[in-house]
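Visitor: quick one, fold the following:
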Amino acid sequence: REIISRGAVDEDFVSKHTIFTAGVTDIGYGLRNTDKYAYPAERDILEKQKRIRLSPAEATAMGLKAGTEVEQKNSGGSAGAQLQQLVEEYGYALPTAQTLAQRQSMPEEEMVQSLEDLVNSGDLLEILPRRYLAAPLYRKACQSVEQVLAEYHKANPLHAGMKVAALRQKALRGAELKEADAILTAMLRGGTVTAIADRCALPDFRVVLTKRQTALRQKLLDSYRKSGREVPFVDDLYASFPTNERDDCKKVLENLVSCGELVMLTPQLFYHKDVYEEVCALTRDFFEGHPAFTLAEYRDLLGTSRK
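Guide: Sure thing, here's the model as predicted:
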């Protein structure tokens, strides 16, 4: 008021960059719309927050009769938006109900109820028990994941999907491991992505092999299944194919690994998934009777060479 009365206003700036408007007036008194946590002295004010009886002056200003009851339709409407904004400030950290209650200086039980209301309205997602993510940020994360996967599928058309660790790093930057995995799991439940072994893909993505690649795929699977635990080095395997098939052979082998049909032990050694599961079961059984053993003993158990 003092600034206006002294004329200390940059009227040119105000006229160019400022718009004056009135907001809604039926906003109550800023109290919660429940008497669950209200003090006795607040209850009468709480009733006025829901509806008020106009005084003569108020009625004149609104063009109504004195004593008219007016419902406060917009009371309490901003609390949800403010809470959603608070959750959004935490990003992918997925704040707990307890943390948010402390920030807002309110009982945790009340905060949980407010968060549940926002989850039910679709404004928040409960990614982990009592840990929340703002819906706009989740949608942004989904778009990021879809873009990263689309680019990956285009560059690697024979891969069944992108490794989860790589997707997490590229699409959910700044998210910790547990939180990122929880967000990806939510996307999996929601149909944004599908899972194949340790990889993710877009729901509509399909690997398309040529007739020759399909034949090579079966030949490689049969070869690794027949080799059992004593498999050849992959370079030796490639060398056993005709020169004009080796490039396709490498691509098909990558496809088999990405689909989980083959398991990579080292960049040169691969096991058929059935053989790998058999070795894992054999190892678990051996561990039960041998808490400690030498590499030579383990090699003898598997019946394999030093490689």
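
Visitor: ok, and what's touching stretch 241-258?
Guide: 156, 158-161, 196-197, 199, 207, 209-210, 212-213, 216-217, 220-221, 234, 237-238, 262-264, 270 (C-beta atoms under 8 Å, 6 or more residues apart in numbering). Where C-beta positions appear, they are placed from N, C-alpha and C, glycine not excepted.

Visitor: let's see 6 Å
Guide: Residues outside stretch 241-258 that contact it (C-beta atoms under 6 Å, 6 or more residues apart in numbering) are 158, 159, 160, 199, 213, 216, 217, 238, 262, 264.

Visitor: in what helix or strand does the last one lie?
Guide: To tie it back to what came earlier, the one meant is residue 264. Assessed by DSSP states H and E, residue 264 sits inside strand 262-266.

Visitor: over to the third one?
Guide: With elements delineated by DSSP H and E, residue 160 resides in a region that no helix or strand encompasses.

Visitor: show me the strands in this protein, by range?
Guide: Applying DSSP state E to the chain gives strands spanning 51-53, 69-71, 124-128, 131-134, 162-163, 194-196, 199-201, 262-266, 269-272.

Visitor: can you tell me what sits against the last one?
Guide: Contact with strand 269-272 is made by 224, 225, 231, 262, 263, 264, as judged by C-beta under 6 Å, 6+ apart.

Visitor: put the alpha carbons of it into PDB.
Guide: C-alpha atoms of strand 269-272 as PDB (Å, rounded to 0.1, in the frame of the first residue of the first chain):
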ATOM      1  CA  LEU A 269      32.400 -69.600 -23.400                       C
ATOM      2  CA  PHE A 270      28.700 -70.200 -23.400                       C
ATOM      3  CA  TYR A 271      26.400 -72.800 -21.900                       C
ATOM      4  CA  HIS A 272      23.000 -74.000 -23.100                       C
END
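
Visitor: how much space separates the nearest residue to residue 138 once chain neighbours are set aside from residue 201?
Guide: Leaving aside its sequence neighbours, residue 138 sits nearest to residue 125 (C-beta to C-beta, 6 or more residues apart in numbering; 5.4 Å). Remark: distance between residue 125 and residue 201 (C-beta to C-beta, to the nearest Å) = 22 Å.

Visitor: quick revisit: which members of the contacts of strand 269-272 are the farthest-apart pair?
Guide: The span of the contacts of strand 269-272, defined through C-beta to C-beta, is set by 225 and 264 at 16.1 Å.

Visitor: give me the buried subset of the contacts of strand 269-272.
Guide: For the contacts of strand 269-272, a burial check counting by 16 or more other C-beta atoms under 10 Å picks out 224, 231, 262, 263.

Visitor: now, which of those residues sits nearest residue 101?
Guide: residue 263 (46.5 Å).

Visitor: please look at the closest one and residue 275 and confirm they touch.
Guide: No: here residue 263 lies out of contact with residue 275, judged by C-beta atoms under 6 Å, at a distance of 8.4 Å.

Visitor: where does the stretch 1-150 of the chain have low pLDDT?
Guide: Along the stretch 1-150 of the chain, the parts satisfying pLDDT under 70 run over 1, 21-38, 47-50, 62, 72-79.

Visitor: quick check: residue 145 vs residue 291, distance?
Guide: Distance from residue 145 to residue 291, by C-beta to C-beta: 43 Å.

Visitor: out of these two, which sits in the more crowded spot?
Guide: Using other C-beta atoms under 10 Å as the criterion, residue 145 and residue 291 rank with residue 145 on top: 23 against 6.

Visitor: for that one, which non-adjacent residue is spatially closest?
Guide: Per C-beta to C-beta, 6+ apart, closest to residue 145 is residue 171, 4.5 Å.

Visitor: ok, now how distant is the one you found from residue 143?
Guide: Residue 171 is 9 Å from residue 143, by C-beta to C-beta.

Visitor: more neighbours: which of those two?
Guide: Neighbours were counted for residue 171 and for residue 143 using other C-beta under 10 Å; residue 171 has more, 24 against 12.

Visitor: contacting residues for the residue nearest to residue 186 when sequence neighbours are not counted?
Guide: Counting by C-beta to C-beta, 6+ apart, the nearest residue to residue 186 once its immediate chain neighbours are dropped is residue 127, at 5.5 Å. Counting by C-beta under 6 Å, 6+ apart, residue 127 makes contact with 94, 133, 182, 183, 186.

Visitor: now with 10 Å, please.
Guide: 92, 94, 133, 138, 179, 182, 183, 185, 186 (C-beta atoms under 10 Å, 6 or more residues apart in numbering).
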